[in-house]
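Trainee: just coords:
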Ligand SMILES: Nc1ncnc2c1ncn2[C@@H]1O[C@H](COP(=O)(O)OP(=O)(O)OP(=O)(O)O)[C@@H](O)[C@H]1O
């Protein structure tokens with residue numbers, strides 16, 4: 001293996017949870033696969049911190065655990081120093097476990113309250129036959145406690161006697177006790193006070209320099225990313241949509257999802273603050289992810305179809321209306337009830353007009369005339385109870401983002417992104 005080879009290389013990694021026998025299935029009368037991680041390519045290089053960032057539920061924790069083979073992957077390949085990990089039995093994984101450790105979000109929940117800190121830190125050494133005897137392991141534990149900013153004398157205390165930040169230091173000492181090459185840190189500071197967060201992040205940074213560790217940092221918090229990451233992978237609905245060195249990502253995000261995430265980060269300099277980009281709707285379910293580009297239902301830059309005669313923002317509004325109709329979000333009965341509470345004389349047209357007000361962002365007059373007509377027709381079909389016809393009508397608001405999933409392209413060296421807008425071979429590409 002040459003020095004340039006990644007420590008860990010993931011290719012097309014998938015983790016699907018089968019819920020067909022689960023309680024949700026029984027509750028809802030349906031089942032299905034939760035596509036928590038759905039085709040991830042990722043490399044972690046020696047000595048680097050790679051942050052995986054994304055909203056809650058996008059699959060970050062599942063990805064971290066799958067990369068460590070704590071979940072068996074549904075598909076794809078995970079190589080650690082060139083060795084394939086997928087498909088290995090627990091016994092076969094044993095020799096890798098020592099080399100790949102995990103730090104958890106909630107330090108107290110991950111530490112046994114009845115064990116002393118000494119026992120907590122020495123237990124993994126015993127499992128992996130590190131140290132000559134108990135006395136040697138205890139000495140190592142004391143050294144580790146000092147290394148993570150605690151005192152050797154703390155070795156006989158219990159987790160409950162420490163603050164949250166100190167508990168996380170114990171968790172870090174435990175992970176380091178087996179001299180790992182790689183650490184997956186899953187939201188390691190999100191349970192801590194902001195003032196303590198920076199200290200723990202600094203500790204991880206120092207340890208990384210000292211020990212040459214590779215760290216995969218899972219976080220939803222972009223300010224954490226900025227403090228610690230060398231490189232960032234942005235995750236959305238089970239997929240990586242962009243990777244870039246941290247400064248480049250912050251200065252010049254390529255993917256519309258990354259742009260919206262960054263626009264929500266508070267800036268110190270108000271003059272540098274860009275307008276916050278608010279996304280439409282919520283993250284769709286990983287059981288039934290949108291076709292084509294998974295971000296299209298919320299993307300501010302969704303690409304209009306060839307026959308669109310208005311501008312892009314108007315298309316975004318019409319497209320949102322399409323999604324709401326297709327998702328069955330328009331409720332004509334509720335609207336009729338509300339209108340009838342206000343007046344005795346309610347017509348279908350009144351109901352349709354009110355449905356449009358609720359489901360179309362902006363004024364209908366702001367759309368090109370044919371599109372406004374399409375919206376009115378679909379609303380009337382919904383009022384008549386003909387949802388299928390309405391869905392077909394709004395299908396006129398077509399987009400290449402629905403038709404095909406974007407390729408992963410390399411907009412610059414050491415960067416990747418998956419968006420038609422930056423794919424030089426896509427007709428709608430807008431290149432810098
Ligand atoms: N054991 C499981 N069985 C079924 N579904 C699961 C399981 N674990 C996770 N999921 C689902 O997979 C998706 C991804 O969850 P995951 O916890 O990996 O996301 P996350 O980005 O880490 O979110 P958070 O930051 O909230 O933990 C979610 O829809 C979640 O409900």
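Mentor: Looks like it came in fine. The model shown is predicted, which means the values in this text are computed figures rather than measured ones.
Trainee: Need the contact partners of the one helix or strand residue 382 maps to.
Mentor: Applying DSSP states H and E as the criterion places residue 382 in helix 369-383. Helix 369-383 is touched from outside by 308-310, 314, 318, 321, 325, 330, 332, 348-349, 351-353, 355-356, 359-360, 364-365, 367, 387, 389-390, 393-394, 396-397, with contacts defined as Cβ atoms under 8 Å, 6 or more residues apart in numbering. C-beta: built from backbone N, CA, C; applies to glycine.
Trainee: How is this protein partitioned into domains?
Mentor: Taking automatic domain parsing as the criterion, the chain consists of the domains 8-263, 312-398.
Trainee: got the contact list for the residue positioned nearest the centre of the chain?
Mentor: Nearest to the geometric centre of the chain sits residue 54, at 3.0 Å (Cα atoms, centre = their mean). Contact analysis of residue 54 by Cβ under 8 Å, 6+ apart lists 60, 220, 234, 235, 236, 261.
Trainee: Quick one: name the residues of the protein near the ligand.
Mentor: With Cβ under 6 Å from any ligand atom as the criterion, the chain meets the ligand at residues 17, 19, 34, 36, 54, 56-62, 220, 286.
Trainee: want to throw these into a markdown table with secondary structure and pLDDT?
Mentor: Shown next, in a markdown table, are the residues of the chain next to the ligand (DSSP: H, G, I helix; E, B strand; the rest coil; pLDDT from 0 to 100):
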| residue | secondary structure | pLDDT |
| --- | --- | --- |
| 17 | strand | 93 |
| 19 | coil | 78 |
| 34 | strand | 94 |
| 36 | strand | 96 |
| 54 | coil | 93 |
| 56 | coil | 89 |
| 57 | coil | 90 |
| 58 | coil | 93 |
| 59 | coil | 95 |
| 60 | helix | 96 |
| 61 | helix | 95 |
| 62 | helix | 96 |
| 220 | coil | 92 |
| 286 | coil | 93 |
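Trainee: Could you tell me which of those count as buried?
Mentor: 17, 19, 34, 36, 54, 57-62, 220, 286 (16 or more other Cβ atoms under 10 Å).
Trainee: Farthest pair within those?
Mentor: Greatest spacing in those, by Cβ to Cβ: 19 and 220 (23.8 Å).
Trainee: that older thread, what's the farthest-apart pair in the residues of the chain next to the ligand?
Mentor: Among the residues of the chain next to the ligand, 19 and 220 lie farthest apart (Cβ to Cβ), at 23.8 Å.
Trainee: Where does residue 318 sit, in terms of helix or strand?
Mentor: helix 312-326.
Trainee: next one: residue 235
Mentor: strand 231-236.
Trainee: ok, back up a step: could you dump the domains of the chain to TSV with distance to residue 423?
Mentor: As requested, these are exported to TSV (distance: least, Cβ to Cβ, whole Å):
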stretch	distance to residue 423
domain 8-263	11
domain 312-398	17
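Trainee: Can you give me every residue that contacts the residue of the stretch 251-400 of the chain found nearest the ligand?
Mentor: At 4.8 Å from the ligand, residue 286 is the closest residue in the stretch 251-400 of the chain, using Cβ to the nearest ligand atom. Residues near residue 286 by Cβ under 8 Å, 6+ apart: 34, 35, 36, 38, 57, 59, 237, 238.
Trainee: Kindly recompute the last result at 10 Å.
Mentor: Neighbouring residues of residue 286 by Cβ atoms under 10 Å, 6 or more residues apart in numbering: 16-17, 32-38, 57-59, 62, 237-238, 294.
Trainee: Kindly report the same for residue 221.
Mentor: Counting by Cβ under 10 Å, 6+ apart, the residues that residue 221 touches are 51, 53, 187, 189, 190, 197, 227, 265.
Trainee: Just the element for the fourth one, please.
Mentor: Residue 189 is part of no helix or strand, with elements assigned from DSSP H and E.
Trainee: Quick check: closest non-adjacent residue to residue 105.
Mentor: residue 187 (3.9 Å; Cβ to Cβ, 6 or more residues apart in numbering).
Trainee: Please report how far residue 291 lies from residue 405.
Mentor: Distance check for residue 291 against residue 405: by Cβ to Cβ, to the nearest Å, it reads 8 Å.
Trainee: More neighbours: the two, which one.
Mentor: More crowded of residue 291 and residue 405, by other Cβ atoms under 10 Å: residue 405, with 17 against 12.
Trainee: show me the contacts for that one.
Mentor: Residue 405 makes contact with 39, 239, 290, 291, 292, 293, 294, 296, 418, 420, according to Cβ under 10 Å, 6+ apart.
Trainee: Counting neighbours, what do you get for the third one?
Mentor: The number of residues packed near residue 290 is 17, by other Cβ under 10 Å.
Trainee: buried sites along the helix holding residue 318?
Mentor: 314, 315, 316, 317, 318, 319, 320, 321, 322, 323, 324, 325.
Trainee: and if you look at stretch 45-55?
Mentor: Buried, per 16+ other Cβ under 10 Å, within stretch 45-55: 45, 46, 48, 49, 50, 51, 52, 53, 54.
Trainee: Tell me where the stretch 151-300 of the chain has strands.
Mentor: 182-186, 214-219, 231-236, 239-245 (DSSP state E, counting those that start in this stretch).
Trainee: What strands flank the last one, and is each parallel or antiparallel?
Mentor: When pairing is defined by DSSP bridges, strand 239-245 lines up against strand 231-236 (antiparallel), strand 416-417 (antiparallel).
Trainee: Measure how far that strand is from the centre of its chain, please.
Mentor: Strand 239-245 sits 10 Å away from the centroid of its parent chain (Cα atoms, centre = their mean, to the nearest Å).
Trainee: got it, and the first one?
Mentor: Centroid displacement of strand 182-186 relative to its chain, using Cα atoms, centre = their mean, is 16 Å.
Trainee: and what of the third one?
Mentor: Taking the mean C-alpha point of strand 231-236 and that of its whole chain, the gap between them comes to 7 Å (Cα atoms, centre = their mean).
Trainee: The second one now?
Mentor: In terms of Cα atoms, centre = their mean, the centre of strand 214-219 is found 13 Å from the chain centre.
Trainee: Tell me how many other residues crowd the residue lying closest to residue 49 once chain neighbours are set aside.
Mentor: Closest residue in space to residue 49, ignoring its immediate chain neighbours: residue 215 at 4.4 Å, by Cβ to Cβ, 6+ apart. By other Cβ under 10 Å, 23 other residues sit near residue 215.
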